[in-house]
Structures are given as C-alpha cells and as structure tokens.
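Chemist: Here is a sequence with its predicted model. Questions after.
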There are 2 protein chains.
Amino acid sequence: MDLNYGFLIEKTGKKLKQELQKRFQENGKDITVDQWVILLELKKFHLLSQVELAEKTFKDAPTVTRIIDLLIKKELVIKTSSEDDRRKFMVSLSEKGKQEVEILLPIVQKFRIKGWFGLTENDGIALQRILNKIITNIQHGH
Amino acid sequence: MDLNYGFLIEKTGKKLKQELQKRFQENGKDITVDQWVILLELKKFHLLSQVELAEKTFKDAPTVTRIIDLLIKKELVIKTSSEDDRRKFMVSLSEKGKQEVEILLPIVQKFRIKGWFGLTENDGIALQRILNKIITNIQHGH
DNA sequence: TACAAATAATTGCTATAACAATAATTACAA
DNA sequence: TTGTAATTATTGTTATAGCAATTATTTGTA
C-alpha cells in the first residue's frame, strides 16, 4: 500500500472548502464555510450549547466561541444563558439567520450535486466505509 | 444522494492531521504536520523554489513563505537565491533536516499502515477514483 | 530597446485550529 | 455537607489558510 491517502483526503477537503467558499462569494454571501457549518447544525437542532455545537461540528470549544462571536456580530445567531446550568449558553438562529440559511441551502445543495456527478450510490457507501474505517483505525491506542 | 461527503472528508482529514501530530509529540518531535509535508517534498526533490513547493503541497505562496521561515529557524532547511532567476529562492534540506526526515519517516509510515488496516488495494483504487472525481467535478465552471 | 505584463516572494489582515490556562459553576465523593 | 473534581465558556499564543497589495525581477512585445 503505497497510497498517500492522508494527503489525498486533505487535498480534497481543502478544494471542497475553497470551491464552496467561491460559490458563497459569487452569490454575494459574506460568510465562511465554517460559519455555514455552524448555521446548518443550528437549523437542524434549533437550540444547542457551545459544547454540543463543538461535538457536532468536530471543532474545539475555543473555535466555536470565536465563530459564534462573529455570527452574533453578523446578527445571524442569538446566545441566551441556560436556566438549568448557569455555565451554559444556548445558541440558536435569529430570524435573519433563518432567512440566510434558506438562501444558502440551495447554493450548498447545488454544489454537492455537482461534486457528486458521475458517482453512484455504491461509491457513497464505499467512501463512508473507507473513511470511517480510517478514523476508527487511527483513534484509540498508539 | 443525501450523503454530506464534504463534511465526512473534512472530518477525516482533520482527524488524520490531529493523530499524526500526536505521534510526533509522543516521539518528542517539535514539528507540525504541515511542516512535515514540506520536508517530505524536499526529500523527494532535493531543490525546489517556493512556488514549486506551493504547487506540490497545495498550499499558497504566503503560507509556504511562513512555513519555510519556521523551518529555517529550526535549522531544518536552507534557502539560497537562484542564480538564473534572482526573484527565486531555492529551498533544500539541511544536514539536520535530512537526519530529522529519516527519524520522522518511519513514524509516518507506521501511522499510514495503521490507518489503512483492514482496507484493500481495491479500496485504495476506489478512494482515489472517487476523490479525484469530486475534485474535477467541482473545479472549472460554476 | 523600451515598456507593459507576468512571475516570485513577501507582508498585512482576518479566520480557523490546537493547545494551555483561567474563571465560574456544577457534580460527586468522603 | 464540604471540598475536590469535572464541566462550560473564555482568553491568549502560535500555526495554517486565503486574499490583497507590494516589491523586485524577468518575459514578452511593439
């Protein structure tokens, strides 16, 4: 096995991010891909603590704090302190944020379809199997 | 096709980077994965301009400039101005850098083998086909 | 040749990522 | 119940990434 799969995966991820970012810019959207990822989770789950957001997006807590700060400045999300745990802040989409997600979603979906052109359902299954296998392989133990 | 493959690819790339970084730390190696990628290309090609390094590693020129700066501080690489083009600097491994690469290489290879455990030659072919297809799909046109 | 265009590298700015340290709060165990 | 440990969020530091602008040099063309 002489395939440098790590390099290939990294490269693909980077290109995907760059190209999606371009689509946002082309549509006059002042938002980054990482900010988008947070917004999408908030659309799906409505109300999340920052720890929950971090888990779902595979980002660490400080990164989530900073992205949320930016999204608050853009008035796309709202932060309220939790009533049952005063350490927590619950984050949710603002009205403006909900509207923005509805505009961004078709751009993202179009991009996803374009990226998958010529690939099959089986390719999707294989990709998931391979990447998930790599993840479990490298985790615990050393 | 409802697979969020972009998210999955990004996640896998991130985990690969994190875990390899851990291996470096466990072995007392004060080097980042991105710095390692540069060193490996220099081992393969001996003498590269910064533009060539940027192309081979899929990084942009400013990023390469900054990584090279750090590698020079660590005395792992050398920069010499090109004789036939005074705009260029040619970068190569120092003696210390060559030694360091020989120490790092087995750590990286062990990690790659571990990550690929349970996967086949055909999986490798499929992975390359799928990821390369995605890359060409998303590039030109919009 | 002269001059505009292209190229190589650098610097500045902002965002993301990882790690460490800290403060506030909550959970748990003696 | 009291004190220790764990959790949540934040802040600071360094590195990587992308974009724009700049400088120095080279290329290509009129």
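Modeler: That came through, no problem.

Chemist: which SS class is the spatially closest residue to A:His46 that is not a sequence neighbour?
Modeler: Distance criterion C-beta to C-beta, 6 or more residues apart in numbering or on different chains; nearest residue to A:His46, sequence neighbours excluded, is A:Ser92 at 6.0 Å. All C-beta spots, glycine's among them, are computed from the backbone N, C-alpha and C. Under DSSP: H, G, I helix; E, B strand; the rest coil, A:Ser92 falls in the strand class.

Chemist: can you tell me how far A:Ser92 sits from DNA strand D?
Modeler: 12 Å (C-beta to the nearest atom of the strand, to the nearest Å).

Chemist: doesn't A:Val77 make contact with that residue?
Modeler: Yes. Using C-beta atoms under 8 Å, A:Ser92 is in contact with A:Val77, at 6.6 Å.

Chemist: Between these two, which is the more surrounded one?
Modeler: A:Val77 (23 against 16; other C-beta atoms under 10 Å in any protein chain shown).

Chemist: That one bridge partners, please.
Modeler: Note on A:Val77: beta-bridge partners by DSSP bridges are A:Leu93.

Chemist: The particular helix or strand that has A:Ile103 in it and chain B, any residue contact?
Modeler: In the assignment (DSSP states H and E), A:Ile103 maps to helix A:95-115. Yes. Counting by C-beta under 8 Å from any C-beta of the partner chain, chain B is contacted by helix A:95-115 at A:Phe111, A:Arg112, A:Ile113, A:Lys114, A:Gly115.

Chemist: After that helix, which helix or strand is next?
Modeler: helix A:121-138.

Chemist: is DNA strand C contacted by that following helix?
Modeler: No. With C-beta under 7 Å from any atom of the strand as the criterion, DNA strand C is not reached by helix A:121-138; the gap is at least 13.0 Å.
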